[in-house]
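1. below: sequence and its predicted model.
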Amino acid sequence: MTARPPDLARESFPLILAAPSGAGKTTIARELARQRADVEFSVSWTTRPPRPGEVDGRDYHFRTEAEFRAEVEAGGLLEWAEVHGQLYGTPRANLEEARRRRHLLLLDIDVQGSRQVKRTVPEAVSIFVLPPTAEELSRRLRGRGSEAEDALRRRLLTARGELEAAAEFDYLIVNDNLPDAVAAVQSIIEAEWNRSIRARGLQSFVANLVAGIDASMSG
């Protein structure tokens, strides 16, 4: 992120990455968080059991259904949804903490969650990650080796419906090559950071520049 004068400090915004399972959005999100100091990966709550290698607090906050629904009732989740029979949600505190640090909160969520966040936080920027082909999407899902055939079929059926929502998103990228996909998201972030609507104190900054020009001309 390029440094700016204090008067033009930028207002942070949530960045949504959504995609059908297997499109690679989580890999993109992790790589972005690794590369950028101004991006924080939002760790979601879920009721699903951990997959091999997943760590509580790093990949997800694994919770019981009772704990999850209590958090919903308390208004502690920015968005939540039931997906493949399990509950997923984003803690509202994640966004509050990122804003306090003037960082982007990177949300790795599904289409339902994206719609909720957009309603609650209209300034959020949404990106939909597309697989290059249907065959590649199926190959990636089968390559996980973590689900039975009937569960895999449910994911593919869900993916079919989610793909039809692609036009709802602000940006689209095709994840055919990870470095290229990450670079595309990087470009979107830089463009969004530099939108005039995100510059706090823009009017006073411009007024000072104009006053300086006037002073130089009168001198």
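-> Alright, I've got the coordinates.
2. dig out what Glu82 forms beta bridges with.
-> Applying DSSP bridges to Glu82 gives these bridge partners: Leu87.
3. count the residues that sit near it.
-> Counted with other Cβ atoms under 10 Å, residues neighbouring Glu82 total 11. To be clear about C-beta, it is placed using only N, CA and C from the backbone, and glycine gets the same treatment.
4. so where's this structure shaky on pLDDT?
-> For the chain, residues meeting the criterion pLDDT under 70 lie at 1-8, 144-147, 219.
5. and the strands in it?
-> 14-18, 39-41, 45-46, 61-62, 77-83, 86-91, 104-108, 125-130, 171-174 (DSSP state E).
6. how about those in JSON lines, adding distance to Asp214?
-> Shown next, in JSON lines, are those (distance: least, Cβ to Cβ, whole Å):
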{"stretch": "strand 14-18", "distance to Asp214": "39"}
{"stretch": "strand 39-41", "distance to Asp214": "40"}
{"stretch": "strand 45-46", "distance to Asp214": "55"}
{"stretch": "strand 61-62", "distance to Asp214": "56"}
{"stretch": "strand 77-83", "distance to Asp214": "46"}
{"stretch": "strand 86-91", "distance to Asp214": "48"}
{"stretch": "strand 104-108", "distance to Asp214": "37"}
{"stretch": "strand 125-130", "distance to Asp214": "37"}
{"stretch": "strand 171-174", "distance to Asp214": "40"}
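7. for those, which one sits closest to Arg115?
-> strand 77-83 (8.2 Å; Cβ to Cβ).
8. which residues touch the closest one?
-> For strand 77-83, the external contacting residues (Cβ atoms under 8 Å, 6 or more residues apart in numbering) are 45, 68, 71-72, 87-92, 94-95, 109-110, 112-114, 116-117, 120-121, 158.
9. okay, it in CSV with CA atoms only?
-> Extracted in CSV, the C-alpha atoms of strand 77-83 (Å, rounded to 0.1, in the frame of the first residue of the first chain):
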residue,chain,number,x,y,z
LEU,A,77,-22.2,-12.3,13.7
LEU,A,78,-21.9,-10.0,10.7
GLU,A,79,-23.3,-12.7,8.5
TRP,A,80,-24.1,-16.4,8.7
ALA,A,81,-25.6,-19.2,6.7
GLU,A,82,-26.2,-22.9,6.7
VAL,A,83,-24.2,-24.7,4.0
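10. that strand: which residues count as buried?
-> For strand 77-83, a neighbour-count test (16 or more other Cβ atoms under 10 Å) marks 77-81, 83 as buried.
11. ok, stretch 204-219 next?
-> Buried, per 16+ other Cβ under 10 Å, within stretch 204-219: Phe205.
12. before we move on, what about stretch 181-193?
-> 181-182, 184-185, 188-189, 192-193.
13. taking these one by one, which sit in helices?
-> 181-182, 184-185, 188-189, 192-193 (DSSP state H).
14. format those as TSV; extra columns: distance to Gly53.
-> Output for these, formatted as TSV (distance: Cβ to Cβ, whole Å):
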residue	distance to Gly53
Ala181	22
Val182	22
Ala184	27
Val185	24
Ile188	29
Ile189	28
Glu192	33
Trp193	33
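15. which residue comes closest to Ala9 once chain neighbours are left out?
-> Among residues not flanking Ala9 along the chain, Arg200 sits closest, at 5.4 Å (Cβ to Cβ, 6 or more residues apart in numbering).
16. what is the burial count for that neighbour?
-> Quick note: Arg200 (other Cβ under 10 Å) scores 15 neighbours.
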